[in-house]
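Participant: Here is a sequence with its predicted model. Questions after.
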Amino acid sequence: MNKILIILLFFLLSCGYQPIYINNDIFNFKYSEIILEGENEINKKIINTISIEENKNDENLDKLYLSSTYKIETTSKNTKGEAVSFRITVIVDLEVKDINNKNIKNKNFAKQFTLNSRQNKFELAEYQDSIRDDLVNKIISEIIIYLNTK
């Protein structure tokens, strides 16, 4: 049993495995141009959290296109016609293009969550905002992993 454990440990240590989040360049993304469309608040949160920088002086860098959408849809209503449940959807389209405007990377990130209505409309609005922030944070994690892959 000890021999199997030692052999397994040897293969794990020598296979070159390295966690993605341990990479030192993880938050060092630079682009010659950043074009944002859609939900301004979501775009700013993504740019600020990942620390994406725009360097217009270096034209050898790629261009980043970021488009986001935030929707709240009523999924069911009661007999009075009042909304009983909602679906919150956050969609982020990310494109990275080179100097010649050829697509290098292109991916659509989408997250959704269904929630029930509340009596207090202020509480409902606060809850919807916290759900939106959680969905955006999940998308940010996926974007970091996606941008770190070659």
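Facilitator: Alright, I've got the coordinates.
Participant: CA atoms for contacts and neighbours, from now on please.
Facilitator: Will do.
Participant: Have a look at this protein and report its longest helix.
Facilitator: When the chain is parsed with DSSP state H, its longest helix is helix 121-148.
Participant: Return the set of buried residues in that helix.
Facilitator: For helix 121-148, the neighbour count (16 or more other CA atoms under 10 Å) marks 128, 131-132, 135-137, 139-140, 143-144 as buried.
Participant: now swap in stretch 92-101 and tell me
Facilitator: Those would be 92-98, for stretch 92-101 by 16+ other CA under 10 Å.
Participant: among those residues, which are in strands?
Facilitator: 92-97 (DSSP state E).
Participant: export these to a markdown table and tack on pLDDT?
Facilitator: Formatted as a markdown table, these follow (pLDDT from 0 to 100):
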| residue | pLDDT |
| --- | --- |
| Val92 | 95 |
| Asp93 | 95 |
| Leu94 | 92 |
| Glu95 | 92 |
| Val96 | 88 |
| Lys97 | 86 |
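Participant: on that earlier part again, out of the buried residues of stretch 92-101, flag the one nearest to Arg118.
Facilitator: Using CA to CA, Val92 is the member of the buried residues of stretch 92-101 that lies nearest Arg118, at 27.8 Å.
Participant: Adding distance to Gln112 and pLDDT, write the buried residues of helix 121-148 out as TSV.
Facilitator: Converted to TSV, the buried residues of helix 121-148 look like this (distance: CA to CA, whole Å; pLDDT from 0 to 100):
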residue	distance to Gln112	pLDDT
Gln128	12	92
Ile131	9	94
Arg132	9	94
Leu135	7	94
Val136	10	94
Asn137	12	94
Ile139	11	94
Ile140	14	92
Ile143	16	90
Ile144	19	88
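Participant: which one of those sits closest to Phe29?
Facilitator: Ile144 (9.7 Å).
Participant: you'd agree that closest one is up against Ile50?
Facilitator: Yes - counting by CA atoms under 8 Å, Ile144 does reach Ile50; the two are 7.2 Å apart.
Participant: Where does pLDDT dip in the chain?
Facilitator: For the chain, residues meeting the criterion pLDDT under 70 lie at 8-28, 150.
Participant: could you pull out the helices for it?
Facilitator: 2-14, 40-50, 121-148.
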